[in-house]
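In: Need a 3D model of the following:
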Amino acid sequence: MNHFLDINKTDPAELRKIIDTARSMKEARNGYLRGKHDDDLPLKDHIVALIFEKPSTRTRVSFDVGVRQMGGQTMVLSGKEMQLGHGETIADTARVLSRYVDLIMIRTFEEQTLLELAEYADVPVINGLTDRTHPCQIMADILTFEEHRGPIAGKKVVWSGDGNNVFASFAHAAGQFGFDLTFTGPESLDPEMEFVTQARAKGSNVVIERDPVKAMQGADLVVTDTWVSMHDPQSARERRHNQLRGYQVNDELMSHAKPDALFMHCLPAHRDEEATSAVMDGPHSVIFDEAENRLHAQKAVMRWCLGV
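Out: Residues are numbered from 1 along each chain as shown. Sure thing, here's the model as predicted:
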């Protein structure tokens, strides 16, 4: 049984298989949509539980559509419906769901909720996001980069902004896929050193550079994310803006990266805050390819988990 909990917990060779499967499935997408043969429907007769303790657009739609395209059925459950760990224990919830479904995807707050669910489930569990990591997003990002620029091994990725859960999974991926990673942002928003140390131990050159212009030198890919959650209060927004204003990805900053550098943002975005609309809609941007590739990468992850 293959759980997909974090990129650093999956063997690099298996990660490569997932990326290659995602790309081949994307290229054959019309065949999967037509569903003319059972071979085109690897999740036929499978039911996937999609649990959302945190609200979602891309994760919910991409997993739901992905399951349906592969012939399966989904059961979408909210945190309010389930009350994970508040009424029934997480362990008991895992045991019960395992009797009903073939695969569980969870988007939650605490990493411990994910880990406990996986420990007690008798079916594979996928990390759709926690406050600590976001591995499915980075699998889509790797797929997107390689579609446009070839193998990511040996390339330089620059992250500008907050060292959050998406950066954490980029650090995991740096160690597993063999690319270098530079974080540029204020010291108060540095990533957890555990993620940096793990990537360095696997041979990735992970650098923390306060000067965003210096950080961009030689960048093959520039990535950012929202400075604040869509639901954070105004006071939090103002504080984060003061911390991060100098790390906005704009045309001037992108000019210091390689001429053919790509720009990514996992979305949703606060346009003209963490990145300008000129960059998001400009020639470097692949943000909508990136959004689409959540679908294809997650389809491949589900197939890998189920061995189909």
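In: now the helices for the stretch 151-300 of the chain?
Out: 165-177, 193-201, 212-216, 234-244, 251-254, 277-280, 287-306 (DSSP state H, counting those that start in this stretch).
In: Give the full set of residues in contact with N165.
Out: Shown in contact with N165 (Cβ atoms under 8 Å, 6 or more residues apart in numbering): L129, T130, D131, R132, T133, H134. (Each C-beta comes from the backbone N, C-alpha and C, glycine too.)
In: Now intersect these with the strands, please.
Out: Counting by DSSP state E, the contacts of N165 place L129 in strands.
In: Give the buried residues for stretch 279-290.
Out: V279, M280, H284, S285, V286, I287, D289, E290 (16 or more other Cβ atoms under 10 Å).
In: Widest-spaced pair of those?
Out: V279 and D289 (15.1 Å; Cβ to Cβ).
In: Excluding sequence neighbours, find me the nearest residue to the spatially most central residue of the chain.
Out: Centroid check for the chain by Cα atoms, centre = their mean gives Q137 as the closest residue, at 1.6 Å. Once flanking residues are discounted, Q137 sits nearest to C266: 5.0 Å by Cβ to Cβ, 6 or more residues apart in numbering.
In: correct me, but the one you found touches H134?
Out: Yes - judged on Cβ atoms under 8 Å, C266 makes contact with H134 at a distance of 7.5 Å.
In: In terms of neighbours, single out the busier of those two.
Out: Between C266 and H134, H134 has the larger neighbour count (other Cβ atoms under 10 Å), namely 26 against 20.
In: what's the offset of stretch 266-278 from the middle of its chain?
Out: Here stretch 266-278 is found 17 Å from its chain centre; the criterion is Cα atoms, centre = their mean, to the nearest Å.
In: Same check on stretch 285-301?
Out: With Cα atoms, centre = their mean, you get 9 Å for stretch 285-301.
In: distance of F263 from A199?
Out: 22 Å (Cβ to Cβ, to the nearest Å).
In: same deal with A118?
Out: Distance from A118 to A199, counting by Cβ to Cβ: 23 Å.
In: What of D281?
Out: 31 Å.
In: Same check on T108?
Out: Noted for T108: a distance of 24 Å to A199, by Cβ to Cβ.
In: ok, now T113?
Out: Counting by Cβ to Cβ - T113 and A199 are separated by 25 Å.
In: More neighbours: which of the two?
Out: Legend: neighbour count by other Cβ under 10 Å for T113 and A199, higher for A199 (23 against 20).
In: what's downstream of the worst-scoring helix or strand of the chain on mean pLDDT, the next helix or strand?
Out: When each helix and strand of the chain is scored by mean pLDDT, DSSP states H and E, helix 29-34 comes last, with a mean of 57. Reading on from helix 29-34 to the C-terminus, the next helix or strand found by DSSP states H and E is strand 47-52.
In: which helices and strands does whichever helix or strand comes after that next one pack with?
Out: Going down the chain from strand 47-52, the next helix or strand is helix 58-69, by DSSP H and E. In this structure, helix 58-69 packs against helix 29-34, strand 47-52, strand 73-78, strand 103-107, strand 125-129, helix 287-306, with contacts taken as 3 or more Cβ pairs under 8 Å, 6 or more residues apart in numbering; DSSP states H and E.
In: Let's see that with 10 Å instead.
Out: Packing partners of helix 58-69 (3 or more Cβ pairs under 10 Å, 6 or more residues apart in numbering; DSSP states H and E): helix 29-34, strand 47-52, strand 73-78, strand 103-107, strand 125-129, helix 135-149, helix 287-306.
In: In JSON lines, list those along with distance to D20.
Out: Output for the helices and strands packed on helix 58-69, formatted as JSON lines (distance: least, Cβ to Cβ, whole Å):
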{"stretch": "helix 29-34", "distance to D20": "15"}
{"stretch": "strand 47-52", "distance to D20": "22"}
{"stretch": "strand 73-78", "distance to D20": "25"}
{"stretch": "strand 103-107", "distance to D20": "21"}
{"stretch": "strand 125-129", "distance to D20": "19"}
{"stretch": "helix 135-149", "distance to D20": "9"}
{"stretch": "helix 287-306", "distance to D20": "8"}
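In: Among these, which comes closest to A173?
Out: Closest of those to A173 is helix 135-149, at 4.9 Å (criterion: Cβ to Cβ).
In: in the closest one, what's buried?
Out: 135-147.
In: Closest to G66 out of these?
Out: Distances from G66 to those, taken by Cβ to Cβ, are shortest for C136, at 10.6 Å.
In: Surely that closest one is in contact with F63?
Out: Yes - shown here, C136 and F63 form a contact pair, counting by Cβ atoms under 10 Å, at 8.5 Å.
In: between those two, what contacts are shared?
Out: Counting by Cβ atoms under 10 Å, 6 or more residues apart in numbering, the common neighbours of C136 and F63 are M105, R107, I126, G128, R294, Q298, V301.
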